[in-house]
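need a structure here:
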Amino acid sequence: MITLAAARIRVSNWLFDHALPLWADKGVDAQGRFFEQLHFDGRPVTGVRRRTRVQARQIYVFCEAAALGWEQGRAPALAGLDCMISTFRRDDGLWVAATDDAGAVIDETPDLYDMAFVLFALAASHRVLGDPRAWPLALETVTAINFKMASPHGGWEEGLPPRLPRRQNPHMHMLEAMLAWQATAPDPAFEAAAQVSLDLCRRHFLIDGAVREYFTDDWLVDPKEGHVIEPGHLQEWAWLFKQAGDLGPGAGVAEGLHRRAVAQGRCDGFTIREIDPSGAPLDAGRRLWAQTEAIRTGLSFGDAATPVLIAKVFETHLATDVPGLWVDSYDADGRSHDQAVPASSLYHLMTAFSEVLRYEA
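Numbers count the residues shown, from 1 in each chain. This is a model prediction of the structure:
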C-alpha cells in the first residue's frame with residue numbers, strides 16, 4: 001500500500017537533495033537570471049527568450065524552498081528578484097514579456113499572465129525575504145493593471161493591445177497572486193482585485209459546473225474554442241476557491257469542480273489535458289502541471305488516491321536519468337516528445353510538494 005508518509009519522504013528527498021540544488025546551480029546564469037530550460041543532461045538551454053513569468057515563478061520557488069527550511073534558496077531568490085526589478089519593469093508600472101540571454105528586452109508587451117506571476121513572486125519575496133521593495137511594487141503594479149488594462153466588459157485585457165479569444169487562465173492567476181498577498185499583507189487593493197477574478201468566474205467562467213477556457217470580447221463562450229474544459233484548471237480553481245474562503249462561491253462549488261475533474265478528467269490515473277462539456281476527451285495527453293494541481297487539491301479534499309498519483313508522477317514524469325529534472329508532457333499514447341526540461345514546471349511542483357510536506361491528516 002502506498003502511504004502519504006512514504007510519499008512525503010520521497011518528495012522531500014527529490015526536492016531538497018536533487019531538484020533545488022540542480023536548478024540553483026545549473027538553472028541560474030552569472031547575473032542571477034533564470035534559464036528557461038535545461039537539457040536532459042542538466043546543461044542550460046540558451047538562445048531562447050527569457051519570459052518574465054518564468055523569472056517570477058523561479059523567485060517564488062526559491063523563496064518557498066527557504067520557507068520550508070532550505071536556506072540555500074534565499075540567495076537565488078534575492079538575485080532573481082534584483083534582476084527582475086532592474087530588467088523587466090516598464091516605465092508605466094507594468095512589466096515586459098521577455099528578454100534575451102544578455103538581458104536585453106526583446107518583447108515589451110504587457111501580458112496579464114506575466115503580471116500575475118510578478119505579483120505572486122513579490123508576495124513570496126515580502127513573506128520570506130522581507131524585501132522592502134515588494135509591497136510598494138505590488139501596489140504600483142495592481143494600480144497600473146487597473147488603469148491601463150481594465151476591460152469595458154469586466155476584468156482586465158489579457159494583453160496590450162487586446163487579443164482574442166479571451167482567456168480565464170490569466171484571471172485565475174491574478175486571483176492566486178492576490179490571495180497570496182492577502183495572506184501575507186492584506187490591503188483593500190488586493191482584495192478588490194481578487195474579487196474581480198472571483199466575480200468573473202461566477203458570472204462567466206463557470207458554466208454547468210465546469211470552468212470554460214475561451215471567450216469572446218464580452219465574455220460569451222467563444223464559438224470555436226469555448227467548449228474546451230481543462231481538468232487541471234478545474235482542480236486549480238477548486239483549490240483557489242477554498243483559499244478564498246468567504247470571498248469565494250462556497251465549499252460546494254469547489255468540491256464540485258474537484259469531483260468533476262476526478263470523474264471526467266482522469267485516464268489511467270492521470271489528469272488529461274482537455275475534455276468537452278459532456279466529459280468526453282478532446283485531448284487525452286497529459287502535462288505535469290495538471291498532475292500537481294490534482295495532488296494539491298486532492299490533499300485538501302482528502303482524496304485517498306493522492307498518494308498513488310504522487311507515486312505515478314515519480315514513476316513517469318520525474319523518472320529522468322539526471323535526478324531533479326522532469327518530463328513535462330506525454331501524448332495520448334503515453335509517449336513524450338519533449339526535447340528539454342521547462343523551468344516553468346518547477347513552480348507547479350513546488351506548490352504541490354510544499355502542501356505534501358506541510359499536510360497533516
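
so where's the chain shaky on pLDDT?
Residue ranges of the chain with pLDDT under 70: 361.

Can you list the residue ranges for helices in it?
4-12, 20-26, 52-67, 74-88, 112-124, 134-148, 169-184, 188-200, 231-244, 251-264, 288-300, 306-315, 345-358 (DSSP state H).

mind putting the ones you listed in a markdown table, mean neighbour count and distance to residue 223 included?
Quick note: C-beta positions are derived from backbone N, CA and C, even for glycine. Shown next, in a markdown table, are those (neighbours: other Cβ atoms under 10 Å; distance: least, Cβ to Cβ, whole Å):
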| stretch | mean neighbour count | distance to residue 223 |
| --- | --- | --- |
| helix 4-12 | 16 | 43 |
| helix 20-26 | 18 | 42 |
| helix 52-67 | 26 | 29 |
| helix 74-88 | 20 | 36 |
| helix 112-124 | 26 | 23 |
| helix 134-148 | 18 | 28 |
| helix 169-184 | 23 | 19 |
| helix 188-200 | 19 | 19 |
| helix 231-244 | 25 | 20 |
| helix 251-264 | 19 | 23 |
| helix 288-300 | 25 | 26 |
| helix 306-315 | 19 | 35 |
| helix 345-358 | 21 | 31 |
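
could those helices go into CSV alongside distance to residue 34?
Output for the helices of the chain, formatted as CSV (distance: least, Cβ to Cβ, whole Å):
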stretch, distance to residue 34
helix 4-12, 22
helix 20-26, 8
helix 52-67, 4
helix 74-88, 6
helix 112-124, 11
helix 134-148, 18
helix 169-184, 18
helix 188-200, 26
helix 231-244, 23
helix 251-264, 30
helix 288-300, 18
helix 306-315, 23
helix 345-358, 10
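
now for these, which one comes closest to residue 214?
For the helices of the chain, proximity to residue 214 was assessed by Cβ to Cβ; helix 169-184 is nearest, at 9.5 Å.

how far does that closest one sit from the chain's center?
10 Å (Cα atoms, centre = their mean, to the nearest Å).

Please report the distance of residue 175 from residue 31.
To residue 31, residue 175 is 32 Å away according to Cβ to Cβ, to the nearest Å.

Distance check, the residue lying closest to residue 15 once chain neighbours are set aside against residue 277.
Leaving out its chain neighbours, the residue that sits closest to residue 15 by Cβ to Cβ, 6 or more residues apart in numbering is residue 353, at 5.6 Å. According to Cβ to Cβ, residue 353 and residue 277 sit 32 Å apart.

got it, and residue 259?
Residue 259 is 16 Å from residue 277, by Cβ to Cβ.

now swap in residue 80 and tell me
The gap separating residue 80 from residue 277 is 41 Å, by Cβ to Cβ.

cool, residue 112 as well?
26 Å.

again with residue 229
7 Å.

Need the residues touching each of those two.
Contact criterion Cβ atoms under 8 Å, 6 or more residues apart in numbering; residues shared by residue 229 and residue 277: residue 210.

Tell me which of those two has more neighbours.
Between residue 229 and residue 277, counted using other Cβ atoms under 10 Å, the more crowded position is residue 229 (24 against 16).

Am I right that that one is in contact with residue 210?
Yes - taking contacts as Cβ atoms under 8 Å, residue 229 lies within contact range of residue 210: 4.9 Å.

between these two, what contacts are shared?
residue 277.

what distance separates stretch 318-327 from the middle of the whole chain?
Centre-to-centre, stretch 318-327 and its host chain are 20 Å apart (Cα atoms, centre = their mean).

Outside of it itself, which residues are in contact with it?
Residues outside stretch 318-327 that contact it (Cβ under 8 Å, 6+ apart): 14, 17-23, 38, 40-42, 288, 316-317, 336, 338, 341, 345, 349.

10 Å instead, please
Stretch 318-327 has contacts (Cβ atoms under 10 Å, 6 or more residues apart in numbering) with 10-11, 13-15, 17-23, 25-27, 38-43, 288, 310, 312-313, 316-317, 336-338, 340-342, 345-346, 348-349.

And that stretch, what's buried?
Neighbour-count burial for stretch 318-327 flags 318, 324-327 (criterion: 16 or more other Cβ atoms under 10 Å).

Likewise for stretch 204-221?
For stretch 204-221, a neighbour-count test (16+ other Cβ under 10 Å) marks 204-206, 210-215, 219, 221 as buried.

which pair in the residues you listed spans the largest distance?
210 and 219 (15.9 Å).

hmm, back to that, dump the buried residues of stretch 318-327 into a markdown table; add distance to residue 107 as well.
Formatted as a markdown table, those follow (distance: Cβ to Cβ, whole Å):
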| residue | distance to residue 107 |
| --- | --- |
| 318 | 32 |
| 324 | 29 |
| 325 | 27 |
| 326 | 26 |
| 327 | 28 |
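
between the residues you listed, which is nearest residue 179?
Taking Cβ to Cβ as the measure, residue 179 lies nearest residue 326 of these, at 26.3 Å.

where does that closest one sit relative to residue 261, distance-wise?
Residue 326 sits 21 Å away from residue 261, going by Cβ to Cβ.

Could you do residue 236 as well?
Separation of residue 236 from residue 261 (Cβ to Cβ): 9 Å.

shared neighbours of these two, anything?
Common contact partners of residue 236 and residue 261 (Cβ under 10 Å, 6+ apart): 211, 230, 290, 293-294, 297.

So which of those residues is the closest to residue 88?
Closest approach between those and residue 88, by Cβ to Cβ: residue 293, at 26.3 Å.
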